[in-house]
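Enquirer: what shape does this take:
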Amino acid sequence: MVELNKVLPLARMAVFGVTSLFSLIIFAISVHFIAATNAYRRGAYYEPTALQLATAIMTLLTLPAMYFLSVKRRGAYSSYIAIEIGVCWFLWIMWVASAGSTVSLFWAATFCTGGVCSEAQALEAFAFLNWIIIAMYTTTLLVLAIMALLRGHKNVWTSEVAHFDWAAASCTKASEGGVAHPVQTQQKVETGHIVQQGPGQQYQIPQQYPPQNSPHTTGGSMYVGAPVGGVPTSPQV
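Expert: Numbers count the residues shown, from 1 in each chain. Purely as a prediction, here's the structure:
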């Protein structure tokens, strides 16, 4: 069985690292592509190339920063699983849009080689790779988070991927770090003692009068405030 507590942080590091590397390559190719376009006409550029450049810059500014903050600082807002899923989902949409626009504009690059055609092919390939990698990671993390939520760990959205216990058992109430605490059952105790119903809930049963199992209630007569036979009229000598 795969140990998610060890595999998922490594997968996260690999996804962020590979995606950042591919984004750096796309950044360099896009800059060169725009410079080559300006050589033919000053100020001219292709919109898909500009979109690729903008998406690469956003990726380089977000993913490395999120990773280093999660390593250097525990409990950073950017390390929350909910925030990480949202950021990766946004980058996923940007990369699929960048790849699709590049294919639609540079469709002729499939049938040519060298020069600008090779750069267009490289932009398409790396954009699709980034889209696939981020899509797989985001979908997997979202599914695991929903499964943990269904097991009762409501704090999964504000936890970190590297510190959340993904193998924690089901529980009624979630606790910090995904650790399940057993729910205490009601205890039967004697009358007059404290009854523990659950975590943080207790009450005291009032003492009955006369007490159960009292020697005054088991056989013989019980004193009710006056002697049996009435009150004597005069003192006895």
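
Enquirer: immediately after the helix or strand where residue 55 lies, which helix or strand?
Expert: Element membership for residue 55 (DSSP states H and E) is helix 47-72. As assigned by DSSP H and E, the chain's next helix or strand after helix 47-72 is helix 81-105.

Enquirer: packing partners for that following helix?
Expert: Applying 3 or more CB pairs under 8 Å, 6 or more residues apart in numbering; DSSP states H and E, one finds that helix 81-105 makes contact with helix 47-72, helix 116-150. C-beta coordinates here come from the backbone N, C-alpha and C atoms, glycine included.

Enquirer: thinking again about what came up before, next, the buried residues of the helix holding residue 55.
Expert: Of all the residues in helix 47-72, those buried under the rule 16 or more other CB atoms under 10 Å are 48-49, 51-53, 55-56, 58-60, 62-63, 66-67, 70.

Enquirer: least confident pick among these?
Expert: Lowest pLDDT of the buried residues of helix 47-72: residue 48, 82.

Enquirer: that one and residue 69, how far apart?
Expert: According to CB to CB, to the nearest Å, residue 48 and residue 69 sit 32 Å apart.

Enquirer: please apply the same query to residue 24.
Expert: Distance check for residue 24 against residue 69: by CB to CB, it reads 20 Å.

Enquirer: hang on, the earlier thing: what angle do the helix holding residue 55 and helix 116-150 make?
Expert: Between the axes of helix 47-72 and helix 116-150, defined by axes from the mean of the first three to the mean of the last three CA atoms, to 10 degrees, the angle is 40 degrees.

Enquirer: want to try CSV for the helices and strands packed on helix 81-105, with distance to residue 19 as columns?
Expert: Shown next, in CSV, are the helices and strands packed on helix 81-105 (distance: least, CB to CB, whole Å):
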stretch, distance to residue 19
helix 47-72, 6
helix 116-150, 5
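
Enquirer: good, we can wrap up now.
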